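Peer 1: Kindly return the folded structure for what I paste below:
(chains A and B)
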Protein chains: 2
Amino acid sequence: MTVTLEPEGRKVRADVGSTLLRVMLESGVSIRTECGGKGVCGKCRIIVKDQSRVSERTKFERLRLREAEIRDGYRLACQCYPRDNMVVYVPEESRVRERKIQVEGVERPVKLDPMISKVHVTLKPPTLAEVKPDLERLLESLEVRNDVDVDEDALRSLPDVLRAVDWDVTVTLWDMRRVISVELGDMSDLSYGAAIDIGTSKIVAYLVNLSKGEVVGVSSVENPQIIHGEDVISRITYTMEISERLEELRALALKGVNSVLSEACESAGIESCNVYEVTVVGNTAMHHLFLGIQPKFLALSPYVPVLRRPLNLKAKTLGISINPGGVVHTLPVVAGFVGSDDIGDILSTGIHKSKEMSLLIDIGTNTEVNLGNQDDILCCSCASGPAFEGAHITHGMKAVRGAIERVRIDPKTYDVKYETIGGVKPIGLCGSAMVDILAGLLECQLVNRSGRLRDDVPTPRLRKWDGTLVFAIAAGEETETGKDIVITQRDIRELQLAKAAIFTGCSILMKRKGVLPKDVGRVYVAGAFGNYIDPAKAKTVGLTPDIPTERVTLVGNAAISGAKMALVSKEVRDEAERLSRWVRYLELGADPDFVSEFTSAMFFPHKDLDRFPSLRSTLKV
Amino acid sequence: MTVTLEPEGRKVRADVGSTLLRVMLESGVSIRTECGGKGVCGKCRIIVKDQSRVSERTKFERLRLREAEIRDGYRLACQCYPRDNMVVYVPEESRVRERKIQVEGVERPVKLDPMISKVHVTLKPPTLAEVKPDLERLLESLEVRNDVDVDEDALRSLPDVLRAVDWDVTVTLWDMRRVISVELGDMSDLSYGAAIDIGTSKIVAYLVNLSKGEVVGVSSVENPQIIHGEDVISRITYTMEISERLEELRALALKGVNSVLSEACESAGIESCNVYEVTVVGNTAMHHLFLGIQPKFLALSPYVPVLRRPLNLKAKTLGISINPGGVVHTLPVVAGFVGSDDIGDILSTGIHKSKEMSLLIDIGTNTEVNLGNQDDILCCSCASGPAFEGAHITHGMKAVRGAIERVRIDPKTYDVKYETIGGVKPIGLCGSAMVDILAGLLECQLVNRSGRLRDDVPTPRLRKWDGTLVFAIAAGEETETGKDIVITQRDIRELQLAKAAIFTGCSILMKRKGVLPKDVGRVYVAGAFGNYIDPAKAKTVGLTPDIPTERVTLVGNAAISGAKMALVSKEVRDEAERLSRWVRYLELGADPDFVSEFTSAMFFPHKDLDRFPSLRSTLKV
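Peer 2: Next up, the predicted model:
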């Protein structure tokens, strides 16, 4: 069968027994899906005019689609099996777009001392009277230990390389204890490495000149695993069912990593064979999947990771397209839900080296929270969910072109002013807009502290939609989709859960360490979403504790900055390994105060306003 | 086109532009070839009745085939391009047969201390209060250093294996510093390794129970590389022309090694996944080809190897079918033409540990000679050629079924008595028979000391064949082929060259070390051919120096015995590495006395009879 995708008119092949979602994903069509095709996220919306050519609606569609949408022919692609050649319209809101990806980060200055070193040498050729083997001849010229390790691929080409240009070669060594490459002539200037952040939703690479420690290229892509669910649990669940799927997800991670590497190299005009090492950070699930290690026990109590230690693996064996003898260094993880990305955050903010008590929050689908200083760091992971990244929110979307990112609500007229990424017509709401909206509604008293939208304020922006109360941000005539952009009562409930999870993490860590808000000298907010957030608004809704906003520093992608530091400094790697064992992990779910803390944190900003003395006047309560 | 192979009647496909040799080899037909299809060895004889269906005879065929053979339709398969469907008769003498393969050897007793150890442990499962990663949990139970290395494949399956049978597992460690496998339950009894000898013509495996140090299975095959030439130089030359051919030869070596491994396992009833380590010896060319290392510079002056050191490689990466985390240990080589097989010979005979001056000769296409004791060993390689293995000898063949292996010539009647391997009708002559024939002809004075066959003795065994003088060993009516088996004047010249090469090696080493025959306390003769040789006859023809035969010990495949010792003893590996650097290598070709020594050694037993005082009476000269 053939499926014609409108408005492009592209025709793709469909097999019997494949859902339209699978047909599109396999044809390379970027359609949104957060649950991986289970019918629960409601993001893979399409419009089918001729319903006779497709299977009947399922209960998932009746739950996720409004009545008006059903009348208009809306369907969920994951629920539709085509019965015949058919035409499918893929609306703007269902398409995956390039994200506003956070690639900058903070970084502490470190002494340049990478694992990779390149040495240019010219050897004396052998004679009948002096028949030393090629390798010994080379190693003697390098002044390294005689038992230095040698990569098999480097060994295989060694005799030809040595003799190609009169025994004049450049040797690349890893940690002065492994020869990973031997090249013709003087190539000592061309020494590059890459730091990689494998996020659940995006993969970012920094290409680094190892002689100078400078970033020379940056690239990022959606994590290709996203077609099997937007959060780690969906992906782990996906691998649980059939064992080959672990390899499938690993291959997708590799594809993403190789694509950012090649793009970064291309943009910097560098050959990938001159990239000799890659350092990798990611949450523990991404870490395991990247290495092809079974992650299923991360999702099952007691949430134990398979390993914590850093690994040094041969790039070629792993399938990473850099120099064949190159090395992939995965930074250590802390626990099942606190990965090496958290180690990267700590390394780059340096909270473990400071006397000041610091709170470090890396907001994502899982939010890692760290509290401490040079004496001790306690950390935890909060299941904040993907709401701030746009999932499970009616008009939620990622921080891509067309997303509303800033919102002001006039406290008198309830008029809304907004800004979109790219300055174009809006398509939906990204995380920072959601925080702005919540804070605005709260300040205007359109929502009360328990999160209920008021239905007694006479403004056209508060209205009923399929029986549900919504607050309208943008009218259909202003938007790209031609439809209103609203926030619903249900959306507010989702956001309450997300902010409560993060706040609970912060408050339990503070309780366990006996730290009060006034003791916290610095708050670091990391993560793609974290970098666009308005710290004052975040405090207003009670996402973060009541700490003066001048103490808040947005640090963006701090995880990759840590990976970059480890790339250029051996000392930082040792530091990372020590940290992974030294940082104390707290299992939030096992904390006796978890339930009471969480339920209190569901309020805006908190059930107990004494926790937010600075907001008393603003909130007029 | 289709080629029908008689007498089987098997039909094989032939492409235009492929020689009949290639057609047959690619169809898996085992046809002899020593030069790899260059037209020089004359072994790939076939009979074509209808010459109109095949290309014209070449000059190589006119050189290698006798007139009568040409009349009978004999051709060299490597020179024939089929023009049409055709019938080819493959005579008995052109077929490759299973060899009488020498698999036993000597061995010094060593302390059992293998690199592989298996430990059975039962772990305490994690709880929410104790979430140690799987790997740390495992390593703590093992009482090994925390930074022990872990195989990636073992790591990938670790979480499932640990949880499969209540955290009860068996860990296999290599050198107590690398976890190579984790298995369900108590598998500590199943610990096997293999010693492999990759010879130019055959590959042999010993399967060893590592808990007891006992050989539990033996297997051997022809080296599959043989289709690209019987000697190392042909194979090196083959790889020089097109770079992919190096990979092709490597794949053939792997195929051979995997086949002996699986056969040895099958015969012993052992799963290959319970084989955790393989030790490998071979000459330097086989060593390089097995590792996929460019060997061409071994064949070019100054004959430098790429590396000498031992290597420990992951079996899976190399393509060896044992446990995926298993290790392949290649023993060190000494020089371009003195490989790890020579190290194996020294290890198993123990000449480096003895006060006695010993001469160790491993006879093969290249013959390695070592002279020395615990104070010093000097070694060299002699290009003895494959004559003693049957190549370049009119009716020469390997020590397989049907080969004549013992010959007595009656000094009065010149009658010949012979024995064949398997007691069947003879097909040709193997090396030990050639030595017997030379010694017999010499003792009967049918050949003089310069190697010339006499034409003035009235015996029907001495006759002309295409104008060349030959001595008949067996008449056509007695043989399997129906043709006479003879030794020709040209054959004698080939054998003179071979024995002169070996003797020259011995005599130059003795000269350089100032050792006289009387000083040599022990002579070890190793190698497949060496084990069937009659030491007295070898001395008569001057293959070995004039040392009393009671001091000669035939040690058979001493190389693999050394590999087996290294498999079961760490100490022996260290010894091997020290030996590879300690043994002094002498480049025979660069020795100032080489030419004069060699030309004198061309005589039977030697130009200077004072070198063979014990033979004065026997040879009546």
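
Peer 1: Would you mark the buried spots in stretch A:451-459?
Peer 2: A:451, A:453 (16 or more other C-beta atoms under 10 Å in any protein chain shown). For every residue, glycine as well, the C-beta is placed using N, CA and C.

Peer 1: Farthest from the middle of chain A: give me that residue.
Peer 2: No residue in chain A sits farther from the centre than A:A129, which is 60.9 Å out by C-alpha atoms, centre = their mean.

Peer 1: which ones are touching that residue?
Peer 2: Neighbour list for A:A129: B:A590 [criterion: C-beta atoms under 8 Å, 6 or more residues apart in numbering or on different chains].

Peer 1: now do 10 Å
Peer 2: By C-beta atoms under 10 Å, 6 or more residues apart in numbering or on different chains, the contact set of A:A129 is B:302, B:587, B:590.

Peer 1: Now the buried members of the residues you listed.
Peer 2: Looks like those have B:302, B:587 buried, using 16+ other C-beta under 10 Å.

Peer 1: List just the nearest of the contacts of A:A129 to B:V328.
Peer 2: Using C-beta to C-beta, B:P302 is the member of these that sits closest to B:V328, with 28.9 Å.

Peer 1: Quick check, pLDDT for the residue nearest to that closest one when sequence neighbours are not counted.
Peer 2: Distances taken as C-beta to C-beta, 6 or more residues apart in numbering or on different chains place A:L128 nearest to B:P302, at 4.4 Å, with adjacent residues excluded. If you check A:L128, the pLDDT there is 86.

Peer 1: For the closest residue to chain B within the stretch 401-550 of chain A, identify the helix or strand it belongs to.
Peer 2: Sorted by distance to chain B under C-beta to the nearest C-beta, the residues of the stretch 401-550 of chain A start with A:R512, at 14.5 Å. Counting by DSSP states H and E, the element that carries A:R512 is helix A:489-513.

Peer 1: Next, the angle helix A:489-513 makes with the next helix or strand after that helix.
Peer 2: Heading C-terminal from helix A:489-513, the first helix or strand you meet, by DSSP H and E, is strand A:522-526. With axes from the mean of the first three to the mean of the last three C-alpha atoms, to 10 degrees applied, the angle from strand A:522-526 to helix A:489-513 works out at 140 degrees.

Peer 1: List the strands paired with strand A:522-526, with their directions.
Peer 2: strand A:358-362 (parallel), strand A:552-556 (parallel) (DSSP bridges).

Peer 1: Which of those strands has the lowest mean pLDDT?
Peer 2: Ranked by mean pLDDT, the strands paired with strand A:522-526 bottom out at strand A:552-556, which scores a mean of 91.

Peer 1: what sits up against that strand?
Peer 2: Outside strand A:552-556, the residues that touch it by C-beta under 10 Å, 6+ apart are A:102-107, A:345, A:348-349, A:358-362, A:522-528, A:530-536, A:538-539, A:544, A:561.

Peer 1: Write the ChimeraX selection for whichever of those are buried.
Peer 2: A single ChimeraX command suffices to select whichever of these are buried according to 16+ other C-beta under 10 Å:
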select /A:102,103,105,106,107,345,348,349,358,359,360,361,362,522,523,524,525,526,527,528,530,531,532,533,534,535,538,539,544,561
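
Peer 1: With distance to A:T504 added, can I get the strands paired with strand A:522-526 in a markdown table?
Peer 2: Shown next, in a markdown table, are the strands paired with strand A:522-526 (distance: least, C-beta to C-beta, whole Å):
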| stretch | distance to A:T504 |
| --- | --- |
| strand A:358-362 | 12 |
| strand A:552-556 | 19 |
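
Peer 1: B:P310 is nearest to which of the ones you listed?
Peer 2: Evaluated over the strands paired with strand A:522-526, closeness to B:P310 peaks at strand A:358-362, with 46.9 Å, by C-beta to C-beta.

Peer 1: which residue is nearest the middle of chain A?
Peer 2: A:G199 (2.9 Å).

Peer 1: elements contacting the helix or strand bottoming out on mean pLDDT in chain A?
Peer 2: One helix or strand of chain A scores below all others by mean pLDDT, DSSP states H and E: helix A:616-619, with a mean of 77. Judged by 3 or more C-beta pairs under 10 Å, 6 or more residues apart in numbering or on different chains; DSSP states H and E, the packing partners of helix A:616-619 are helix A:431-443, helix A:535-540.

Peer 1: Just the buried positions in that helix, please.
Peer 2: In helix A:616-619, counting by 16+ other C-beta under 10 Å, buried: A:L619.

Peer 1: cool, and stretch A:157-177?
Peer 2: For stretch A:157-177, a neighbour-count test (16+ other C-beta under 10 Å) marks A:157-159, A:161-163, A:167, A:169-175 as buried.

Peer 1: Quickly find the element holding the closest residue to chain B within the stretch 1-150 of chain A.
Peer 2: Relative to chain B, the nearest point of the stretch 1-150 of chain A is A:L135 (4.0 Å; C-beta to the nearest C-beta). Element membership for A:L135, per DSSP H and E: helix A:134-142.

Peer 1: Could you point out the helix or strand that follows that helix?
Peer 2: Downstream of helix A:134-142, the first helix or strand assigned by DSSP H and E is strand A:149-150.

Peer 1: For the stretch 201-350 of chain A, what lies in contact range of chain B?
Peer 2: Neighbours of chain B within the stretch 201-350 of chain A, by C-beta under 10 Å from any C-beta of the partner chain: A:243, A:246-247, A:250, A:284, A:288, A:291-298, A:300-309, A:311-314, A:316-318, A:332-336.

Peer 1: Of these, which belong to strands?
Peer 2: Secondary structure from DSSP state E places A:311-314 of these in strands.

Peer 1: Dump the residues you listed into JSON lines; add neighbour count, distance to B:S569 and pLDDT as well.
Peer 2: Shown next, in JSON lines, are those (neighbours: other C-beta atoms under 10 Å in any protein chain shown; distance: C-beta to C-beta, whole Å; pLDDT from 0 to 100):
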{"residue": "A:L311", "neighbour count": "20", "distance to B:S569": "31", "pLDDT": "97"}
{"residue": "A:N312", "neighbour count": "15", "distance to B:S569": "30", "pLDDT": "97"}
{"residue": "A:L313", "neighbour count": "17", "distance to B:S569": "31", "pLDDT": "96"}
{"residue": "A:K314", "neighbour count": "20", "distance to B:S569": "29", "pLDDT": "96"}
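
Peer 1: Nearest to A:V48 among those residues?
Peer 2: Nearest to A:V48 among these, counting by C-beta to C-beta, is A:L313 at 46.8 Å.

Peer 1: My read is that the closest one contacts A:I320, right?
Peer 2: Yes - assessed by C-beta atoms under 10 Å, A:L313 is found in contact with A:I320 at 8.7 Å.

Peer 1: Next, show the common contact partners of those two.
Peer 2: By C-beta under 10 Å, 6+ apart, A:L313 and A:I320 have these common neighbours: A:278, A:280, A:326-328.

Peer 1: Among those, which one has the most neighbours?
Peer 2: The most crowded member of these is A:V280, carrying 33 neighbours; neighbours defined as other C-beta atoms under 10 Å in any protein chain shown.

Peer 1: That one falls within a helix, correct?
Peer 2: No - judged by DSSP: H, G, I helix; E, B strand; the rest coil, A:V280 forms no part of a helix; its state is strand.

Peer 1: surely it meets A:D197?
Peer 2: Yes - under the criterion of C-beta under 10 Å, A:V280 makes contact with A:D197 at 7.9 Å.

Peer 1: Identify the contacts common to these two.
Peer 2: Shared contacts of A:V280 and A:D197 (C-beta under 10 Å, 6+ apart): A:203, A:205, A:286, A:340-341, A:344, A:560, A:563.

Peer 1: between those, which is nearest chain B?
Peer 2: Set against chain B, the nearest of the shared contacts of A:V280 and A:D197 by C-beta to the nearest C-beta is A:S340 (12.8 Å).

Peer 1: all strands for the stretch 51-200 of chain A, in order.
Peer 2: Secondary structure of the stretch 51-200 of chain A (DSSP state E, counting those that start in this stretch): strands at A:74-76, A:86-89, A:116-122, A:149-150, A:168-174, A:178-184, A:192-198.
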